[in-house]
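A.B. asks: Test case, fold it:
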Amino acid sequence: MKIENIIPKSEARKLAIQRRAEYSESEIRKKTELLLKNLTQTEDFIQAKTVYCYIAGRPEEINSRGLIDLMIGWGKSVVLPKLNKNTKTFRRFNFTGWQDIIKNDEGFYEPKQGVNDDLSDIDLFLAPSVAVSKTGFRIGYGGGYYDKLLKLVHCPKFCPVFEFQIFNSIETTELDIRIDKIITERRIINTRNNNGLLSFEK
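C.D. replies: The predicted structure is shown next:
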């Protein structure tokens, strides 16, 4: 029986960032277009009335601005996170336009303020990731903020990433929350199936 190598989180994070640097911006734009096409064709996305999204702030994250505009155009409600640095948790913000988005002291864009913490109306959760395992365990930049948040939602959880951000197995802890589906420019992986479901091949 073959034993799968488990990559430490720090190494997976480093490798994913290195791989991203190998692609030009035009290649990333093309991959993003294909990824978003795959995402928007899923039944969960089509049926969702309220989607929890994020504003991409790093090169490794899928550019979500166009996606947010698309969802608003489709009549969906978009919820964005506002980080509370004191509690190291997110509050929600119901997106009402880019005029309510500011650049914070760390250089990232976020809502001016959080409104409340009720997540009972979320139909689909899109989580940013630096890397993710085929079994659905994602890693960010080490703060654990999203894992705390993901524990509070009971809707489908998607992870939109590029193929080069996927690893067979990444180290996990009991605090890590599993993603239901991984959306890439080539396929959709159902993480509840260990082999993954290849829905699209480009």
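
A.B. asks: Please enumerate the helices of the protein.
C.D. replies: Under the criterion DSSP state H, the chain contains helices at 9-20, 25-40, 43-47, 65-73, 145-150.

A.B. asks: mind exporting the first one as CSV, just the C-alpha atoms?
C.D. replies: Read that as helix 9-20. Presented in CSV, the C-alpha positions along helix 9-20 are these (Å, rounded to 0.1, in the frame of the first residue of the first chain):
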residue,chain,number,x,y,z
LYS,A,9,1.6,23.8,5.4
SER,A,10,4.5,26.2,5.2
GLU,A,11,6.0,24.2,2.4
ALA,A,12,2.8,24.0,0.4
ARG,A,13,2.3,27.8,0.9
LYS,A,14,5.8,28.5,-0.4
LEU,A,15,5.5,26.2,-3.4
ALA,A,16,2.2,27.6,-4.4
ILE,A,17,3.6,31.1,-4.4
GLN,A,18,6.6,30.0,-6.4
ARG,A,19,4.5,28.3,-9.0
ARG,A,20,2.3,31.5,-9.3
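
A.B. asks: any idea which strand is longest in this structure?
C.D. replies: If you go by DSSP state E, the chain has its longest strand at strand 77-84.

A.B. asks: and that strand, how far out from the chain's middle?
C.D. replies: Computed by C-alpha atoms, centre = their mean, to the nearest Å, the chain-centroid distance of strand 77-84 equals 13 Å.

A.B. asks: Please name every helix or strand in contact with it.
C.D. replies: Counting contacts by 3 or more C-beta pairs under 8 Å, 6 or more residues apart in numbering; DSSP states H and E, strand 77-84 is packed against strand 50-52, helix 65-73, strand 89-94, strand 109-111. Every C-beta, even on glycine, is put in place using the N, C-alpha and C of the backbone.
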